[in-house]
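Asks: Okay, here's the prediction I keep looking at, along with the sequence it came from:
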Amino acid sequence: MEYISIFGLVSVLFLIIRVDARVKGIVKTQDSSFDENYVVTWGQNNVLKLNQGKEVQLSMDKSSGSGFESKNHYGSGFFQIRMKLPPKDTDTSGVVIAFYLTSKGNTQDEVDFEFLGNEQGKPISLQTNLFTNGQGNREQRIVTWFDPTQDFHTYEILWNPYHIVFYVDKIPIREFKNLSSKGINYPSKPMQLVVSLWNGESWATEGGKRKINWSYAPFKANFQGFNNSGCFVNNGELKSCDSSANWWNTGSYSKLSDSDQKALKNVKDKNMNYDYCSDRRLSKVVPSECKWNK
């Protein structure tokens, strides 16, 4: 009789758990430190590293906001951050806290998570948006079903050749399909990850009606989870980033599962309070991608 060593058994079990986790959209990896994948880009005096670099606090006062970005450019991947907003008793009107992918420039591709700030005690809105070749105006907003000020929650972006999916705590809140075959632009430029806390009082809260109340400053938000599973881009070449050798490009990630589709519909039915596809003030004609991204 052949016996399996304890080490071998543990190795097999680890592999099964890791593969199963990936199928569910969850990748179990040891947390990277901030300095491994990110660099502070502005507001250095308002950036505080905690817990041996496993947590970062961004803050904003009258002098400056703050932000950081990934060291690498990506062509596809599964990206995440854990975020905790300023305390509940803070009026964050006009304060924008964002986690997004961007190619930068005037014709940028961009995929955004944005908290738009809220008057003390009011429901908290989370906005998603996409830019392709510099064209945005694809905002959707939901009221969160949880309190993002009380604990860390996970915000994820899946970007592959099939679709872009926004997740909050593993629940899909938006899908944007790749409809380039139908003449609809799809993000295709190398993008970096950016996290920022900044003054958006001219537009963010209630369309700019609510300004920043500086008596609550400094405004502080905390971030964890600096791992990213993405395809690095060298010299602007994206072709290899569509390969099925990258696990986020495999068939399991080509479309939402039945349970995820139901979860997405539930969020849209119960939590969505703005959708650009329904805004006739923005466009008299329904944007062509909307009928495919219901």
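Replies: Thanks, I have it.
Asks: separation between residue 252 and residue 244?
Replies: Going from residue 252 to residue 244 by CB to CB, to the nearest Å gives 11 Å. Yep, even glycine has a C-beta here, placed from its N, CA and C like the rest.
Asks: Now do the helices in this protein.
Replies: 6-23, 34-37, 258-271 (DSSP state H).
Asks: how about the shortest one as CSV, C-alpha atoms only?
Replies: Meaning helix 34-37. Provided in CSV are the C-alpha atoms of helix 34-37 (Å, rounded to 0.1, in the frame of the first residue of the first chain):
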residue,chain,number,x,y,z
PHE,A,34,1.6,48.7,0.1
ASP,A,35,5.2,49.3,-1.2
GLU,A,36,5.2,46.1,-3.2
ASN,A,37,2.6,47.3,-5.7
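Asks: how far does it sit from the chain's center?
Replies: In terms of CA atoms, centre = their mean, to the nearest Å, the gap separating the centre of helix 34-37 from the centre of its chain is 18 Å.
Asks: Give the rounded mean pLDDT of that helix.
Replies: Across helix 34-37, pLDDT averages out at 95.
Asks: Residue 169 contacts residue 152, doesn't it?
Replies: No - the pair residue 169 and residue 152 does not pass the contact test of CB atoms under 8 Å, sitting 9.9 Å apart.
Asks: neighbour count winner among those two?
Replies: Of the pair residue 169 and residue 152, residue 152 is the one with more neighbours under other CB atoms under 10 Å, namely 17 against 14.
Asks: What number of residues are in the vicinity of residue 247?
Replies: Neighbours around residue 247, by other CB under 10 Å: 16.
Asks: likewise residue 91?
Replies: As a burial measure, residue 91 scores 20 neighbours (other CB under 10 Å).
Asks: shouldn't it be in contact with residue 120?
Replies: Yes - contact criterion CB under 8 Å: residue 91 and residue 120 qualify, at 4.1 Å.
Asks: Identify the residues contacting residue 240.
Replies: Applying CB atoms under 8 Å, 6 or more residues apart in numbering, one finds that residue 240 lies in contact with 75, 231.
Asks: rerun that using 7 Å as the cut-off
Replies: residue 231 (CB atoms under 7 Å, 6 or more residues apart in numbering).
Asks: Also residue 116?
Replies: Going by CB under 7 Å, 6+ apart, residue 116 touches 96, 125, 127, 204-205.
Asks: which one of those residues has the most neighbours?
Replies: Neighbour counts for the contacts of residue 116 (other CB under 10 Å) peak at residue 204, which has 25 neighbours.
Asks: Name the nearest residue to that residue, ignoring sequence neighbours.
Replies: Using CB to CB, 6 or more residues apart in numbering and skipping residues adjacent in sequence, the residue nearest residue 204 is residue 116, 4.3 Å away.
Asks: So for that neighbour, what's the pLDDT?
Replies: 96.
Asks: burial of residue 114, as a residue count?
Replies: Number of residues near residue 114 (other CB under 10 Å) recorded here: 20.
Asks: residues contacting it?
Replies: 96, 98, 127, 129.
Asks: Show me those residues that map onto strands.
Replies: Among these, the ones falling in strands (DSSP state E) are 96, 98, 127, 129.
Asks: Dig out what the residue lying closest to the last one once chain neighbours are set aside forms beta bridges with.
Replies: Nearest residue to residue 129 in three dimensions, chain neighbours excluded: residue 112, at 4.3 Å (CB to CB, 6+ apart). Residue 112 has the following beta-bridge partners by DSSP bridges: residue 100, residue 129.
Asks: now residue 69
Replies: Under the criterion used (DSSP bridges), residue 69 bridges to residue 39, residue 194.
Asks: I'd assumed residue 191 was in contact with it.
Replies: No - the criterion here is CB atoms under 7 Å, and residue 69 misses it with residue 191 at 10.3 Å.
Asks: Of the two, which one has the most company?
Replies: Taking other CB under 10 Å, residue 69 and residue 191 do not tie; residue 191 has more neighbours (27 against 19).
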